[in-house]
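Asker: attaching a predicted model along with its sequence, questions to come.
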Amino acid sequence: MNHLIKTETQGLICTITITNPPMNILTKEFREEFIPFMEQLKTSDIRVIILTGDGDRAFCAGADLNEEGELTNETVRKFLQEDCRVYDIINEMPQAVIAAVNGYAFGGGFELVLASDIRIMSERAKLCAAGVKVGLVVSTNRLVRLLGEARAKDIILTGRTVTAEEAYRMGLANTVVPHDQLLKQSMEWAQLIASRAPIAVRKAKDAIQKTLDMTWGEAMSMELDRFIECQATWDHKHAIESFFQKQQPQFKGK
């Protein structure tokens, strides 16, 4: 039975809530629950995942400082690899992952936000790459890829807190909504994505994530390969038939 995550499935959408109040920090016990659950979701019928935090105060305030305080030169890399597995698995998920950011997203919580595909933020959300505030280096990989070098340096080198509105202006948040509308709006985004052809959504996410590591020619070749793969699916043929019949397609993922 899960203790540090709460899960709820509505049709093709799964909402995962981090439940470690008051700040929903990431602990060893959380990792041991979250990672196996996500592995199970990979092969499920779920098409979209919403990730949020319990309560009105924090999405996730980062790692357990007590755990970090016990690290030695011999154990730190293993700890970091286990910690990074939480963020990496979000990237690996074939489904789209929506971060519904309900409050503070600091340190590891910020990394969870960066790893997600869509970022919907409450007007109360606050973000911080807190590494330099505690003598560490964090978020240099994902943040540069999302925002570019200049903005990443601003956020990482200062360690300053970024509001939801600023995150939206710089392109980090997809939208900012009233706090009491956060889950409703996130569900609407999830339902829209879930209504699309699931094979195409999965292949598009995979291609987007790989394209920056390729040359232009390699990336274009991959895009054409994904098009060809999807063109042969039942979903594509059904969508074309539905278009000419002026009907809304109902995709089956085949």
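Answerer: Happy to help now that I have it. Numbers count the residues shown, from 1 in each chain.

Asker: what about the helices in the stretch 51-200 of the chain?
Answerer: 65-69, 76-92, 108-115, 140-147, 149-158, 164-169, 182-194, 198-211 (DSSP state H, counting those that start in this stretch).

Asker: using CSV, list the CA coordinates for the first one.
Answerer: Included here for helix 65-69 are C-alpha records, laid out as CSV according to Å, rounded to 0.1, in the frame of the first residue of the first chain:
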residue,chain,number,x,y,z
LEU,A,65,18.4,17.2,4.1
ASN,A,66,18.8,14.6,6.8
GLU,A,67,19.6,12.0,4.2
GLU,A,68,22.1,14.3,2.4
GLY,A,69,23.8,15.1,5.7
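
Asker: that helix - what's its average pLDDT?
Answerer: Mean pLDDT, computed over helix 65-69, is 76.

Asker: cool, the fifth one as well?
Answerer: Taken as a whole, helix 149-158 has a mean pLDDT of 97.

Asker: so what does that helix touch, helix or strand wise?
Answerer: helix 140-147 (3 or more Cβ pairs under 8 Å, 6 or more residues apart in numbering; DSSP states H and E). (C-beta placed from N, C-alpha, C; glycine too.)

Asker: please pull out the lowest mean pLDDT helix or strand from the protein.
Answerer: The weakest-scoring helix or strand in the chain, judged by mean pLDDT, DSSP states H and E, is helix 65-69 (a mean of 76).

Asker: contact partners of it?
Answerer: By Cβ atoms under 8 Å, 6 or more residues apart in numbering, the surrounding residues in contact with helix 65-69 are 27-28, 79.

Asker: run through the residues that contact C14.
Answerer: 7-8, 41, 44, 46, 48-50.

Asker: ok so, going back, I'd like to know which of the contacts of helix 65-69 are buried.
Answerer: Those of the contacts of helix 65-69 that meet the buried threshold are F79, by 16 or more other Cβ atoms under 10 Å.

Asker: looking at the contacts of helix 65-69, which is nearest I90?
Answerer: T27 (17.5 Å; Cβ to Cβ).

Asker: from F79, how far off is the residue lying closest to that closest one once chain neighbours are set aside?
Answerer: In space, and not counting its chain neighbours, T27 is closest to D64: 4.6 Å by Cβ to Cβ, 6 or more residues apart in numbering. Per Cβ to Cβ, to the nearest Å, D64 is found 11 Å from F79.
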